[in-house]
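Student: I'd like to go over a predicted model; first the sequence, then the structure.
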Amino acid sequence: MANTAAVAKGVDPASLAPGMKGIAADWSSDQRTFKNVHWGKAMMWIFLLSDTFIFSCFLLSYMTVRWSTTIPWPNPSEVFALHVGGVSVPLLLIAIMTFILISSSGTMAMAVNYGYRRNRKVTTYLILATALFGASFVGMQAFEWSKLIAEGVRPWGNPWGAPQFGSAFFMITGFHGFHVSVGVIFLLIVARKVWRGDYDREDRGYFTALKGRYVNVEIMGLYWHFVDLVWVFIFAFFYLW
Amino acid sequence: MAHAEGQQHPIGVYLFIWALLFVFSFFSYMVDYLAFEGMLRWSLILLFMMIKAGLIVAIFMHMAWERLALIYAICLPPVLVLIFVALMSFESSYTFASRGVYFALGS
């Protein structure tokens, strides 16, 4: 069978069965299931899947408390409005944060691409730009939190309506902001490694002692895009709904 | 390098998707800015959300180019969350109803 040979690293994709036949062949091959995918990438995907369930649980509990409360839910459009020149613009800061996070995803995707082209300099700059976008996102979130706390929002109550608003807000955006912060640290580490040329020399990693390759940039990218992905859902369900 | 590593696509693809994500984010912001209400609002929010999520996963995370075995392993399990959504929506409407019946006069 063609797929027995696919166990070897970097098998010719043309030798693998396509479509549903490929699913059956890959899963029953009794070897690595995910052909032509670096194991680190597959593991990052599985971690992200578990993280998806964590964020799903947060959004679900938010949905449950919002639908079950008999007290009106505060209007996010007004709560998160900013006053610019005497005019109240709804959700302005959130919109800016959204565009910043999307831009960081764009620079990250390009960093992965330039990494595979072995362009160390451009890759480093693009990763640093991503980290900068991420850090400014966290900064704006800190601003938003302090503004809301100053206005009297607490996990157990707020001046405008259902007390569950605060707990859902702090829990969901806090956990997401934590992910972004960890991502920024992670990005800086990868940027340093790219800059030093670890992935060109295939230096061994600190934790795994495995050879460094540019796929590490792509694995980092998966995490970062996931953070952006979660924000898409938070933006839709928490801020816009 | 024994073989071509990883995903290689033209930069233009990413710039195009980046632009699309901006456009759809702008649209979803407009849903709020123009204060659409009711079913129109919710369906537009969900539509733009799904488009954006799909573009990020398919192109930025390269899922479109992976083998089906990985795509199904990662993309199918989250669909099951919809069952959880259905369960909790029954639960919350029941809680809402009982709060209406028992607490309406109290607080």
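Tutor: Arrived safely, thanks for sending.

Student: which ones are touching the closest residue to residue B:56 other than its chain neighbours?
Tutor: Spatial nearest neighbour of residue B:56, excluding adjacent residues (Cβ to Cβ, 6 or more residues apart in numbering or on different chains): residue A:229 at 5.0 Å. For every residue, glycine as well, the C-beta is placed using N, CA and C. Residues counted as contacts of residue A:229 (Cβ atoms under 8 Å, 6 or more residues apart in numbering or on different chains) are B:53, B:56, B:57.

Student: Domain map for chain B?
Tutor: Following automatic domain parsing, chain B resolves into domains at B:8-65, B:67-107.

Student: which stretch of helix or strand covers the residue nearest to residue B:56?
Tutor: helix A:215-234 (DSSP states H and E).

Student: Tell me how many other residues surround residue 45.
Tutor: Chain wasn't specified; assuming chain A. Per other Cβ atoms under 10 Å in any protein chain shown, the neighbour tally for residue A:45 reads 22.

Student: hm, I was asking about chain B
Tutor: 21.

Student: Spit out the contact partners of it.
Tutor: By Cβ under 8 Å, 6+ apart, the neighbours of residue B:45 are A:236, A:240, A:241, B:28, B:31.

Student: got it, and residue A:109?
Tutor: Residue A:109 is in contact with A:221, A:225, B:14, B:17, B:18, B:59, B:60, counting by Cβ under 8 Å, 6+ apart.

Student: which one of these has the most neighbours?
Tutor: Top of those by neighbour count (other Cβ under 10 Å): residue A:221, with 29 neighbours.

Student: Go ahead and confirm that one touches residue A:111.
Tutor: Yes: here residue A:221 reaches residue A:111: they are 6.9 Å apart, a contact under Cβ atoms under 8 Å.

Student: For chain A, which segments count as helices?
Tutor: A:2-5, A:19-27, A:39-68, A:76-79, A:92-116, A:120-150, A:164-196, A:198-201, A:215-234 (DSSP state H).

Student: Include mean pLDDT and distance to residue B:83 when you put the ones you listed into a markdown table, please.
Tutor: A markdown table is the format used below for these (pLDDT from 0 to 100; distance: least, Cβ to Cβ, whole Å):
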| stretch | mean pLDDT | distance to residue B:83 |
| --- | --- | --- |
| helix A:2-5 | 39 | 33 |
| helix A:19-27 | 88 | 23 |
| helix A:39-68 | 95 | 11 |
| helix A:76-79 | 89 | 27 |
| helix A:92-116 | 95 | 29 |
| helix A:120-150 | 96 | 32 |
| helix A:164-196 | 96 | 21 |
| helix A:198-201 | 91 | 42 |
| helix A:215-234 | 96 | 17 |
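
Student: Can I get those helices in CSV including distance to residue B:80?
Tutor: Shown next, in CSV, are those (distance: least, Cβ to Cβ, whole Å):
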stretch, distance to residue B:80
helix A:2-5, 28
helix A:19-27, 18
helix A:39-68, 9
helix A:76-79, 28
helix A:92-116, 26
helix A:120-150, 30
helix A:164-196, 21
helix A:198-201, 37
helix A:215-234, 16
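
Student: between the ones you listed, which gets nearest to residue A:85?
Tutor: Among these, helix A:92-116 comes nearest to residue A:85, with 11.6 Å by Cβ to Cβ.

Student: how does chain A divide into domains?
Tutor: A:1-36, A:38-240.
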